[in-house]
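In: the sequence and its predicted three-dimensional model are supplied below.
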2 protein chains.
Amino acid sequence: MAEKFVSERNLKFMLYEVFDAETLTQYEYYAEHGREIFDLVLDTALKLGRDILQPLLREMDQNPPQFSDGAVKVHPMVRDWMRTCGEGGWISALAPYDHGGQQLPLLIGAVIRFIFSAANYSASVYPLLTAGAAHLIESFGSEALQETYIPPMYAGQWQGTMALTEPQAGSSLSDLSTLAEPTDRGYYLLRGQKIFISASDHDGVDNIVNLLLARIKGAPPGVKGISLFVVPKFRPEADGSLVPNDLQVAGSFHKLGYRGSPICQLSLGENNDCRGYLVGEPHQGLAYMFQMMNEARIDVGMSATAIASAAYYASLQYARERAQGRRLGSKDPTQPPVPIIEHADVKRMLLFQRAVVEGSFALLLQCSVYADRTRVLTGEEREKNELLLELLTPVAKTYPSEMGVLSVSQGLQILGGYGYCDEFPLELFYRDARIHPIHEGTTGIHGLDLLGRKMMMKGGKAAQLYLREVEQTIGQAREVADLAPYAVRLQAALEKLKEVTASLVQLSREKGPETFLADATLYLEFFGIIAVAWQWLVQALVVQQALEKELSEDESNFYQGKFQTCSYFFRYELPKIEGLVHRLLEGDGLTVKMKAELFE
Amino acid sequence: MAEKFVSERNLKFMLYEVFDAETLTQYEYYAEHGREIFDLVLDTALKLGRDILQPLLREMDQNPPQFSDGAVKVHPMVRDWMRTCGEGGWISALAPYDHGGQQLPLLIGAVIRFIFSAANYSASVYPLLTAGAAHLIESFGSEALQETYIPPMYAGQWQGTMALTEPQAGSSLSDLSTLAEPTDRGYYLLRGQKIFISASDHDGVDNIVNLLLARIKGAPPGVKGISLFVVPKFRPEADGSLVPNDLQVAGSFHKLGYRGSPICQLSLGENNDCRGYLVGEPHQGLAYMFQMMNEARIDVGMSATAIASAAYYASLQYARERAQGRRLGSKDPTQPPVPIIEHADVKRMLLFQRAVVEGSFALLLQCSVYADRTRVLTGEEREKNELLLELLTPVAKTYPSEMGVLSVSQGLQILGGYGYCDEFPLELFYRDARIHPIHEGTTGIHGLDLLGRKMMMKGGKAAQLYLREVEQTIGQAREVADLAPYAVRLQAALEKLKEVTASLVQLSREKGPETFLADATLYLEFFGIIAVAWQWLVQALVVQQALEKELSEDESNFYQGKFQTCSYFFRYELPKIEGLVHRLLEGDGLTVKMKAELFE
């Protein structure tokens, strides 16, 4: 299998034509970089995807992690892959130079993640989680923790994890109950259970470093009493040896997809000797963890987009090669059948897939640009970018995750019966994709986050900044003849966004938080469609400029295809907000009033 | 596992309160039946579902059919189950008395299918296909064919199949190329390939009887040259022995779900001795097969609904038992968490599941009522019911199939991480459900069928009859205070249906069939939402009458829950037509114009 899973042309279009990655190098922090380095990084990532990751996609799916004797065995590629990532600097790519990193822009990091996840999502998770966990220690851990843990993590010898969820708490982090008892020996003794922790045990590394939330004995209840700890599987001793840390693997889950990577249940301190090392200050754990969680949310959106990308190219190839039926209106059975890509309904499905993939990708890169700017800017400009990133994080996590599932499903549909069978990768992508609306906060949680928190924070300042960003794009598009109709449509959608938001705020005052937030999930869907429409218009502006120049046939096809996909989004996807607006303006609290006993 | 998979209360509500099954017994054909028999049949079906089918659901999924040495081995339950179905009269339940059947109404047959499929979809397929194939021989086969094949099929000793699809033809039946060469010995010699044929080889029966489409040598091209044959795996000889019929199993597919049942590729006549027996007249095969296909399409809709039903009850149980988080506005972490069914967003998801399940179920039973009436009525009344059934068949196949997938997915979401793991059945339902938008005609094919054929047939007569049916319900609902607002909404939707249809007919005249039918899939979605809204109003009329009476608490909860679910449908689902109407009225032919080379 050496199938296309991403479009190199689109990566470069987004990086250099839309988001102008090179302008970042004008800031000191990124001054040593430039397009040549970026291109080299991307080319190497694509090569790894093609040569190492994608060829093992099916094999890893068919040979999921095995749990026996309290330990998890994974596919042997994991050890090689982690060492490759360590040696190639992929785990430390975004870390600062003084931690041994390469200080690459987050924008480039996002594209690396996209490539790896598109080639083999399960495999991409191991280095990704390690980088996130190491980054957390880098930001908030003591020098001693940094010196002990970061080098083997960046080398791909130790695995990092984020250990939040507990069996009884699920999405409700305020109910975390893992206990950390202080000692006078520089560590805490931990006791509790963690569940659904990705890569939290496997034999592809020599140690596991869990970045774990727990409650120090006597801490206040709720989220205010949560602290962050480093809890390794093995404690590194002064002589370099590794000592078991009383951290048992209670089991590994059998999952619908994402089967190349284990998710485990952990039991801490069964023998009262599970040592944890406090990161930063006591009771600040959730705030620290949000750094990793917010990064992870963008990563989830990106991985969802990546799987949808691989699915798109698999469907496209099939649609080009598979001859079946004739064009409507020319049904002479003695004529040869046409490739199914000639059927309008198949083109509609392919356009849907592409519109979701490239629209989501754009939104996620937009978020990475905001994130990069918070690294290099200061003062008000920094705050602006921070607020925009915070506002868009639930959207950039959820739209790609929810629509990614539908996009892959549409791709499967293009293959008909073959899509349902494992000769083709669509059924695998369909299973892998379904995790994304669940992990790193379910869609429902992100709806509450967007409407209940992000839209309201700082008196709606983030929302105002966002409207201004979109209106700026609309203003530019109004000046371009072919885009003016879409500018008008997007402006109308934005007015609906304002109207619905105002109506919900009013509802909040009149009927309280439950009715206000009852349809927050639908609000998130509504918001997401508009955000992606905006990103399509951002791309179309660049496209229209390009189309004015003399172009090769390939280049002309690329830009025209982009424009058609943008048109598709405005004509097929954006109208979906109409039903949502209708519902969101009703404000009748139907679900709040529904009594549990009325469900049969 | 003894989990609820259907609601008995709802089955009886639909059968006796909404569709009044007993009125069918006023016709001579059904005169020997009555409510007592119907109840006995349903109770027995439920018992089989609980005791035999559901307990093996996971086991059959985990032990899919094995193909080796040219034969398929299935789970040992299949043999027992087929014999149980044979001995219990389940395969012949709908057949006329004079063929050894029980002449049960199709309405009752539909409920039986619902129960079996909800308990274990894969297992339900074996007797179902056998019944459909036997029915086809009954309707069109010679007496000799009937005598030879029907008794062992009804006894559950032989498996029936419908063998249409070929590797090169897929959805395009006009390209079928399996060749049938006449001999002077009363049979034809067949040669060709069939693909994706459900249950077309397995060791749970003694023989396989394929109802197979092929082209007699010299037949005209296209669908006009297709004939129907009985092609058994083993030829029954006069002495009762079974002789191999040169029908090889070329392979069994590994599928995403629906794993308890094999789908195979067949190779006919490799040794030039595969004998087929013509059913009915030459070149009439497709018309005959449409009897089985139309029944099978309703069955697919019913199975999709059934899986969604089992998923709904699994999600509901979890939502009731799982405590997590607190109600918004009372977030005190020292208070105990509430069952997640108390969260508005979870109630919204459950209402969505239930609205899809019970709305689809109603539409499918409505189709069965029309089908029963075509059996017992004559003249114009019969034609009316036939036309309504024909019109609604693509809708009743597709709405439950497409929405069933989303409904199960929403159910999986309610369980969060647990929904993604195989400790709970949601991930299995999610995989099983995905077949339905594909088999018995993909969604795209049914869109073309509805808009291009059914809406237009006999000068739009079926469409007119349908509008009258819906308007009659609206008229009744207008008279009931609590329903009047929904009557108004449905009338408005119906006006949109007329407007969109007229606009598309105009488009057809101006721009030809490709542009006319380009968004036929969306038209089908639009039509389906309205049809199910209609069926919710049909149910709500009965509910409102019931609520006027003195009721026990359980009964009152049942009817109130129904009404709330109807309200949910009108407030959350029906508005989805707005975006579709917007799109369907644009008529810009975007997908027709999109060139294949513009897809990257």
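Out: Everything's here; your move. Numbers count the residues shown, from 1 in each chain, chains lettered A, B, ... in the order given.
In: any idea how far the residue of chain A positioned farthest from its centre lies from chain B?
Out: The outermost residue of chain A relative to its centre, with distances by C-alpha atoms, centre = their mean, is A:Thr334 at 49.2 Å. Distance of A:Thr334 to chain B, computed by C-beta to the nearest C-beta, to the nearest Å: 5 Å. In short, each C-beta sits where N, CA and C put it, glycine included.
In: what's the neighbour count on the nearest residue in space to that residue that is not next to it in sequence?
Out: Leaving aside its chain neighbours, A:Thr334 sits nearest to B:Pro221 (5.1 Å; criterion: C-beta to C-beta, 6 or more residues apart in numbering or on different chains). A count of nearby residues for B:Pro221, using other C-beta atoms under 10 Å in any protein chain shown, gives 14.
In: wasn't the residue farthest from the centre of chain A part of a strand?
Out: No. Counting by DSSP: H, G, I helix; E, B strand; the rest coil, A:Thr334 is not found in a strand; it is coil.
In: correct me if wrong: it contacts B:Gly225.
Out: No. Using C-beta atoms under 8 Å, A:Thr334 makes no contact with B:Gly225, being 11.1 Å away.
In: what strand or helix carries A:Trp90?
Out: Using DSSP states H and E, A:Trp90 sits within no helix or strand.
In: now do the same for the residue farthest from the centre of chain A: its pLDDT.
Out: As predicted, A:Thr334 sits at a pLDDT of 87.
In: got phi/psi on it?
Out: Here is the backbone geometry of A:Thr334 (degrees, to the nearest 10): phi -90, psi -10.
In: pLDDT weak spots in chain A?
Out: Residues of chain A that meet the criterion pLDDT under 70 lie in A:1-2.
In: all strands for it, in order.
Out: For chain A, applying DSSP state E gives strands covering A:66-68, A:71-73, A:158-163, A:179-182, A:188-198, A:207-216, A:226-232, A:234-236, A:242-244, A:247-252, A:263-268, A:275-279.
In: elements contacting the longest one?
Out: Other helices and strands packing on strand A:188-198, by 3 or more C-beta pairs under 8 Å, 6 or more residues apart in numbering or on different chains; DSSP states H and E, are strand A:158-163, strand A:179-182, strand A:207-216, strand A:226-232, strand A:263-268, strand A:275-279.
In: now the third one
Out: Under the contact criterion of 3+ C-beta pairs under 8 Å, 6+ apart, the helices and strands touching strand A:158-163 comprise helix A:121-140, helix A:143-154, strand A:188-198, strand A:207-216, helix A:285-321.
In: one more time with 10 Å, if that's ok
Out: Where contact means 3 or more C-beta pairs under 10 Å, 6 or more residues apart in numbering or on different chains; DSSP states H and E, strand A:158-163 is packed against helix A:77-87, helix A:121-140, helix A:143-154, strand A:188-198, strand A:207-216, strand A:226-232, strand A:263-268, helix A:285-321.
In: quickly run through the sheet partners of it, with directions.
Out: Pairing partners of strand A:158-163, with direction, according to DSSP bridges: strand A:207-216 (parallel).
In: between the strand it pairs with and helix A:285-321, how big is the angle?
Out: Angular relation of strand A:207-216 and helix A:285-321 on a 0 to 180 degree scale: 130 degrees, by axes from the mean of the first three to the mean of the last three C-alpha atoms, to 10 degrees.
In: tell me which residue of the stretch 101-250 of chain A lies closest to chain B.
Out: As assessed by C-beta to the nearest C-beta, chain B sits closest to A:Gly222 within the stretch 101-250 of chain A, at 3.4 Å.
In: relative to A:Tyr288, how far out is that residue?
Out: Distance of A:Gly222 to A:Tyr288, given as C-beta to C-beta, to the nearest Å: 16 Å.
In: can you count the residues close to A:Glu342?
Out: Counted with other C-beta under 10 Å, residues neighbouring A:Glu342 total 20.
In: I meant A:Gly170, not that one.
Out: 23.
In: and for A:Gly141?
Out: Neighbours of A:Gly141 (other C-beta under 10 Å): 23.
In: if I pick it, what's in contact with it?
Out: Neighbouring residues of A:Gly141 by C-beta atoms under 10 Å, 6 or more residues apart in numbering or on different chains: A:134, A:147-150, A:211, A:228, A:230, A:277-280, A:288.
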